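> I need the structure of the sequence given here:
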Amino acid sequence: LPPLKLGHSVCALKADEGPCKAIHMRYYFNLQSRECEIFEYGGCYGNENNFLTLEECQETCVVTEKPKFCFHEKDPGICRGYFSRYFYNKETKICEKFKYGGCLGNQNNFKSLEECQATCQSSCKLLLLLLLFLAVLLSKKNAVFLRYFTKIKKRQLRHRSRNIPSFCMTPMDRGLCRARERRFFYNYATGKCQPFHYSGCGGNENNFTSRKSCLSICKK
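The predicted model follows:
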């Protein structure tokens, strides 16, 4: 296996479903398998090794180091062949085509673009390229969804950089009882604090007694 670093200390925590009885499908990083796996979250408490999506878990917890040869300059070698190969360009951070002479050179030399990308190119860069490719193919109608997805992704990155608590990204949960207490939750999709009726027990931590307290914690 390639060397693996944890992107955050919370990724070393064990899965914790919490004391509540709801069933929310979430993802956590399993230190033993070194993979993000699904688990059932009860809806309250638990710990921060708890992600809404597989992608969010992987982006937070998995940091695979690139081999050192990915940072070598392209080297066509000393022979006079004319073979199409690919190398990782450390400046542009993407895999690019070059002509290889056929002998010597260095290890930053791949027969296919896919092999180069899998070895040296980050998943985030691949995702960006995929989105750009889809944007060309999609109709104007479908492009609206792409813009929405990109907006959500940017907000997620902004929240992470500002250390927004992870519970601000959990969905609204009314809880298990039958009361109707006016509360507020942070709507991660819209970036706004919105009212809802809380049942009085259970639920999750995305639950505030006032809009002001919701904004002060989740929209810094």
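> burial count for the nearest residue to residue 58 once chain neighbours are set aside?
Leaving aside its sequence neighbours, residue 58 sits nearest to residue 36 (C-beta to C-beta, 6 or more residues apart in numbering; 5.3 Å). For glycine as for every other residue, the C-beta is placed from the backbone atoms N, C-alpha and C. If you count neighbours by other C-beta atoms under 10 Å, residue 36 ends up with 22.
> The one 5 residues further on now?
Residues within reach of residue 41, counting by other C-beta under 10 Å, total 25.
> One more: residue 53?
13.
> Give the full set of residues in contact with the most far-flung residue of the chain relative to its centre.
Each residue of the chain has a distance to the centre, and by C-alpha atoms, centre = their mean the biggest one is for residue 80: 44.2 Å. Neighbour list for residue 80: 101, 102 [criterion: C-beta atoms under 8 Å, 6 or more residues apart in numbering].
> same check, this time on residue 214
Applying C-beta under 8 Å, 6+ apart, the residues near residue 214 are 184, 185, 186, 193, 208.
> for it, helix, strand, or coil?
Assigned by DSSP: H, G, I helix; E, B strand; the rest coil, the conformation of residue 214 is helix.
> cool, residue 177 as well?
Here residue 177 is recorded as coil under three-state DSSP.
> What pLDDT does the model give it?
Per-residue pLDDT puts residue 177 at 86.
> can you check the one 4 residues further on too?
Predicted confidence (pLDDT) at residue 181: the value is 91.
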